[in-house]
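Participant: what follows is a protein structure lacking sequence information:
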């Protein structure tokens, strides 16, 4: 009886680890989709409505679907406002360093980091052009991430179970 419980615990733990690993792939796709929505909103606010960044970041905070992302953009809105003494690039960099974005690959972060150098420092046409370039590159990364997700999610789930089953067979 005790062996049976141990076997179920081992298989359950490794299967759970496989599901967690598979969740990272899905999380990256979710975050990239969220960033594409944010960039569309920023492009509209900068290019057509000529809004200031603090107001835009505040509106993004209200727009995003996830509470933790909303918190990040609210903090960025407060930090960008007049009198903070920090550059938009520094605030953008701090926003991207948050552990909330850990599922993003380095290439995704680099694309977003490049955008931060232009926000609030150039004219609106240049900012909109940089946002367009950023969106195109992130869309390409999203397409690659979705293809990778389709391939690897099932593999991660099944390999978690298989490793647990193999460990049980070896131990018992």
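Facilitator: Here it is on my side, so go on. Computed from a prediction, not measured in an experiment: that's the story for all the values here. Residues are numbered from 1 along each chain as shown.

Participant: so where's the longest helix in the protein?
Facilitator: helix 124-171 (DSSP state H).

Participant: by contact count, what packs against that helix?
Facilitator: When contacts are defined as 3 or more C-beta pairs under 8 Å, 6 or more residues apart in numbering; DSSP states H and E, helix 124-171 packs onto helix 2-47, helix 106-116. Heads up, the C-betas are built off the backbone N, CA and C, glycines and all.

Participant: and the longest one, what does it pack onto?
Facilitator: Yep, that's helix 2-47 we're talking about. On a contact count with 3+ C-beta pairs under 8 Å, 6+ apart, helix 2-47 meets helix 53-63, helix 106-116, helix 124-171.

Participant: give me that answer again for 10 Å
Facilitator: helix 53-63, helix 67-80, helix 106-116, helix 124-171 (3 or more C-beta pairs under 10 Å, 6 or more residues apart in numbering; DSSP states H and E).

Participant: and the angle from the second one to helix 2-47?
Facilitator: In terms of direction (axes from the mean of the first three to the mean of the last three C-alpha atoms, to 10 degrees), helix 67-80 departs from helix 2-47 by 40 degrees.

Participant: between helix 53-63 and helix 67-80, find me the angle.
Facilitator: With the same axes, to 10 degrees defining the directions, helix 67-80 sits at 170 degrees from helix 53-63.

Participant: so which bits of helix 67-80 are buried?
Facilitator: Residues of helix 67-80 classed as buried by neighbour count (16 or more other C-beta atoms under 10 Å): 69, 72-73, 75-77, 79-80.

Participant: how about the helix or strand hosting residue 92: buried residues?
Facilitator: Here residue 92, judged by DSSP states H and E, is contained in helix 88-97. Residues of helix 88-97 classed as buried: 88-89, 91-92, 95-96 (neighbour count, 16+ other C-beta under 10 Å).

Participant: and if you look at stretch 122-142?
Facilitator: By 16+ other C-beta under 10 Å, the buried positions in stretch 122-142 come out as 127-128, 130-131, 134-135, 137-138, 141-142.
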